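Trainee: Fold the following, please.
(one chain, ligands or ions: 1)
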Amino acid sequence: MAEIRVMREDLLPPKEPPRRHLISIGDLQRDDVERLLGTARNFERSLERELKKLPTLRGKTVVNLFYESSTRTSSSFELAAKRLSADTMSIKSTGSSVDKGESLKDTALTLGAYDPDVIVIRHPQIGAPQLVARYTGAHIVNAGDGKHQHPTQALLDLYTIKEELGRIDGLHVAIVGDVLHSRVARSNIQALALMGARVTLVGPPPLIPRGIEAMGCEVSYEIDAIKAADVVYVLRMQRERMQEGANYVPSLREYAARWGVTPERLRPGQKVMHPGPMNRGVEIDPVVADAADALIEQQVRSGLVVRMAVLYDLLTHGPAGVQAAALHEIGAA
Ligand code: ASP
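Mentor: Numbering: from 1, shown residues only. Take a look at the predicted model:
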């Protein structure tokens, strides 16, 4: 008679699926991005047609924890959560116990006591989102950690490009300016490469990290290189992240003269993007910023529906944040 063997694993209750986070674009596969962009598009349509509020996340709690200034990201996450009927709480470092020196770990434990479903965090230090993931039971969304990642910015940029140009695959995007200090550049290089776009980084050598081509992009130190692109993505000069005394560029005036995106440096029909906030007259000429081919306001509009899609995706089906979830499972996050 055949022996029946019961494996010990079979006797265990099924494991809970790992908690999903969105910490880096590296957490996503191409399918995940396509699903998120599709969900954002559905939300956009439904908001056009029906009431602005959907009952989808009723009873869920979303906490926005911002340790760095923000206008677009914090407002759009808050509105996104409200449009989906979630309860929201917004905590800024100024005016909270962070001012009194509370550590991020203690703040995370405190907020975790309310059992939030999602914590959206922006922090000047790389790795802060993983720390909050370790000390709370919430799904974590990275809204910018130092110069590392800003995944929802990259997703809203992909969404804007796709809506405007009909595709991402095969497009050529030039990312211009202060790549060295930019989390937006890092997230966008990864996201655009994942979706099949060609990326050229353009800027002065001190602002382009050595070896960055390994992320799947090209580099040019000639501003004229932007003319070849379908989309020109202008980065802000991140003065707050530049080390004091370090001379990345001789002066902002000289930077504007040599690297500023002006009407003369563009080809008719090229689309221009900027994550905001803009330094008009430094990295971008005001005429370019206000021209019909600038997609800057559209990026802000996309931010709302893309962040609705991210919240929805994390709290319903998945898998957003595959890599981050795996990290968490092995105790590294
Ligand atoms: N708002 C974007 C960020 O938080 C871009 C910028 O600040 O230049 O990274």
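Trainee: Please count neighbours and contacts with C-alpha atoms only from this point.
Mentor: Fine.
Trainee: what's the burial count for residue 275?
Mentor: By the criterion of other Cα atoms under 10 Å, residue 275 has 21 neighbours.
Trainee: my read: it touches residue 232, true?
Mentor: No: judged on Cα atoms under 8 Å, residue 275 makes no contact with residue 232 at a distance of 11.8 Å.
Trainee: Which single residue of the stretch 151-300 of the chain ends up nearest the ligand?
Mentor: residue 236 (4.6 Å; Cα to the nearest ligand atom).
Trainee: Enumerate every residue touching that residue.
Mentor: 177, 178, 274, 275, 276, 277, 278, 279, 283 (Cα atoms under 8 Å, 6 or more residues apart in numbering).
Trainee: if I've got this straight, the fourth one is in a strand?
Mentor: No: counting by DSSP: H, G, I helix; E, B strand; the rest coil, residue 275 is located in no strand; its state is coil.
Trainee: residues in contact with residue 197?
Mentor: Contacts of residue 197 (Cα under 8 Å, 6+ apart): 168, 169, 170, 171, 172, 173.
Trainee: List buried residues within the contacts of residue 236.
Mentor: When those are checked for burial by 16 or more other Cα atoms under 10 Å, the buried set is 177, 178, 274, 275, 276, 278, 283.
Trainee: Within range of the ligand, give me the residues from this protein.
Mentor: 144, 183, 184, 236, 275, 276, 277 (Cα under 6 Å from any ligand atom).
Trainee: 8 Å - rerun?
Mentor: 69-73, 143-144, 147, 150, 153, 182-184, 235-238, 275-278 (Cα under 8 Å from any ligand atom).
Trainee: Filter these down to the buried ones, ChimeraX style.
Mentor: Listed next is the ChimeraX selection for buried residues among the residues of the chain next to the ligand, using 16+ other Cα under 10 Å:
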select :72,73,143,144,147,150,153,182,183,184,235,236,237,275,276,278
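Trainee: what about the helices in the stretch 201-333 of the chain?
Mentor: Secondary structure of the stretch 201-333 of the chain (DSSP state H, counting those that start in this stretch): helices at 252-259, 286-289, 296-315, 322-329.
Trainee: I appreciate the help and will end here.
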